[in-house]
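S.K.: structure for this input, please:
(chains A and B)
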Amino acid sequence: MRSLFLPIASIPEFYTQLAKYGETYYPRVLERHATYEVWRDEKIPAEELYQALKMIRPVEPLKEFFLGSRERVASFPQLFSKQIKPKVIVGAKDCDIRSLIEIQDNVYLKGVLEDPFYKERREKYLVVTVDCPEPADTCFCLRIDGKPYSTWGGDLNLSFGEEGIVVDVLSAKGDEIVEKMGDVLKEADKKEIKKRDKHRADAERKLAKINPEEFVPDLPDRIEHQLDTGFWAKAMANCVDCQACERICPTCYCFLLYDIPVGKGIERIKVLDWCYHAAYGRVGGGANPLAHFSHRLRNRFECKFMAFPRNFKVYACTGCGRCIAGCTGKIDIRKVLRAL
Amino acid sequence: MNPYESRQANIKEVIVETPTIRTFVLEPKPPLSFHAGQFIELTAPGVGEAPFTPSSSPYVEESMEVTIMKVGRVTSKLFDLRPGDTLAIRGPYGVPYDIERYEGRHVLIVGGGVGLAPLRSLFLALLHNVSAYKKIHLYYGARTSKDVVYDRMFKEWGKIKNVEIRRSVDVGDKNWKEKVGVVTVLLDGLPFKPKDGLAVACGPPVMMKFVTKRLLELGFADEDIYLSMEKNMSCGFGKCGHCRLGELFCCKDGPVITWDRIKHLEDAFV
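M.R.: Sure thing, here's the model as predicted:
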């Protein structure tokens, strides 16, 4: 793996160079949270950009770019085509890149058919991951086989050295991009990498302190056998059914297809869907296997921690903590899992 | 290939089976071939899609029959359509019946209400090579005599050597000369040993639950009980998540699933 060095002062130029590949999204701090914005060569101080990179995962999950909350996928009877342009996403953390590779790729690229639009985005989009030196109280990636830094999966990874940023080249596409950057990047010296490694170890220690306990290894069996609706109702007693946890979850993948009439034909729309919706499981005629809210609460855990690991050997959760941070009722998924 | 895209299907004929059930004879262009047990997604123009299992023989390629009960928005719109109208169709999806496993055995088919529709496709596929099976037992239950589907065909089917037919209605009337009672009454006095055969069932969830219970009591092996587990299959190919049943997705792992694969689930028939 090739490691390069990016001085803090060169971050704006680095973004400008990336933007030659495609529309580039970078993290910016907005009301104490990192959120993605499109890079338009603004005169933003390099230090401000640097501090935004150090924040925990952006508010938006990475799937927003690859799945979209609503997209046209077909039309009838007229033929349908769609052009997908390259994009660059800077700022995804390990929890986010794993949500793509270990969860969304398994759903959308494997099985009987693949989603052609997701596939094209995966091929065309460049993902620049960033280390997570300051984990928040809501972070628990370490307990779901993750790390507060990324060494695989993205195209480039940015980490924090002594005086600037260490850029690891993780893919052929990433290599091609940095080759075209000229003087913006230099070879990283050992001092920078040593400091980076120290920051990584520190971050792991902080995470272990935030989350001292491991989850039990038999979560799938425990969920399978936890059929007491009272358990779920109690565990989720403060839930107000706002569905924020599912909307911002990087691993939730469900969608719904619906048709809208356009002229004499139809357009088929794919919208992300959430299993907390009362109508999620409803079939023609009104039967609904998930009619009761406690069934839907259990269904979410069953999907993430029972069905997905049994099918794909990984939990459909990467410990990003968005569901904890976003919960109106202050429900902590870690506590629910530990109560099982 | 775009899996979300439908092809055109012209309605050739609409057959009224009962006041609430009709069979639509469709001509997909290009023709859409399928195997018994697979399903399609049919679009009611401007309203939306719903999954249906064809009721015709998979050996007839130029047209496809789909028997539909009017229960919701999509089916209500479909009932407004007439011969000559156009629909959108995509598929087929799902895993076909593994009928090579049925060879040399008794095949018990148990249908309830409109649940006979997908079973008819299997039945016709089996008839294609009827001597390959010890005997085909077609048992069917409906609410009343007015709700019996394919009534016109039962007489012909009953004449086929190697086919045994039993029918019941939940509520009898003066015109009904056959059994009265829920469909499980037909399983009394089974004319073969369960270990020499297998059972395939489709119908409302409550009927499936009690048929499965009865089949197990009779001694059918878990892996020899084939159940149509049709949940909310929106995409049809295992992505959208709605039809998940435990670790399985009804659309890509089913919709026909043997009991041994779902018996650990407490709420399989909900």
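S.K.: residue A:19: neighbouring residues, count only.
M.R.: Neighbour count for residue A:19, taken as other C-beta atoms under 10 Å in any protein chain shown: 18. C-beta: built from backbone N, CA, C; applies to glycine.
S.K.: what residues are up against it?
M.R.: By C-beta atoms under 8 Å, 6 or more residues apart in numbering or on different chains, the contact set of residue A:19 is A:39, A:41, A:88.
S.K.: and the gap between it and chain B?
M.R.: As for residue A:19, its distance to chain B is 30 Å (criterion: C-beta to the nearest C-beta, to the nearest Å).
S.K.: excluding chain neighbours, what is closest to the residue most central in space within chain A?
M.R.: Most central in chain A under C-alpha atoms, centre = their mean is residue A:96, positioned 3.0 Å from the mean C-alpha point. Nearest residue to residue A:96, sequence neighbours excluded (C-beta to C-beta, 6 or more residues apart in numbering or on different chains): residue A:62, at 4.2 Å.
S.K.: OK, contacts around the one you found?
M.R.: Residue A:62 is in contact with A:89, A:92, A:96, A:97, A:99, A:100, A:127, A:250, counting by C-beta under 8 Å, 6+ apart.
S.K.: returning to what we had before: what's the following helix or strand after whichever strand or helix holds the residue nearest to the centre of chain A?
M.R.: Element membership of residue A:96 [criterion: DSSP states H and E] is helix A:94-98. Going down the chain from helix A:94-98, the next helix or strand is helix A:105-108, by DSSP H and E.
S.K.: ok, back up a step: these two touch, right, the residue nearest to the centre of chain A and residue A:322?
M.R.: No. With contact defined as C-beta atoms under 8 Å, residue A:96 does not count as touching residue A:322 (9.7 Å).
S.K.: pLDDT weak spots in chain B?
M.R.: The model of chain B has pLDDT under 70 over residues B:270.
S.K.: show me the domain layout of it.
M.R.: B:7-93, B:99-228 (automatic domain parsing).
S.K.: do any residues in the first one lie close to chain A?
M.R.: When you say that, I think you mean domain B:7-93. Yes. Interface with chain A: domain B:7-93 contributes B:8, B:43, B:45-50, B:69, B:71-75, B:86, B:88, B:93 (C-beta under 8 Å from any C-beta of the partner chain).
S.K.: residues contacting residue A:92?
M.R.: If a contact means C-beta under 8 Å, 6+ apart, then residue A:92 has A:57, A:58, A:62, A:127, A:128, A:129, A:130, A:150, A:154 as its contacts.
S.K.: what sits opposite it in the beta ladder?
M.R.: residue A:129 (DSSP bridges).
S.K.: so after the lowest-mean-pLDDT helix or strand in chain A, what's the next helix or strand?
M.R.: Across the helices and strands of chain A, mean confidence by mean pLDDT, DSSP states H and E is lowest for helix A:229-235: a mean of 88. Past helix A:229-235, further along toward the C-terminus, the next helix or strand under DSSP H and E is helix A:244-247.
S.K.: how about that following helix, does it reach chain B?
M.R.: No. Judged by C-beta under 8 Å from any C-beta, helix A:244-247 makes no contact with chain B; its nearest approach is 11.0 Å.
S.K.: and that helix, what does it pack against?
M.R.: For helix A:244-247, the packing partners by 3 or more C-beta pairs under 8 Å, 6 or more residues apart in numbering or on different chains; DSSP states H and E come out as helix A:322-326.
S.K.: now do the helix it packs on: which elements does it pack against?
M.R.: Packing partners of helix A:322-326 (3+ C-beta pairs under 8 Å, 6+ apart): helix A:244-247, helix A:333-339.
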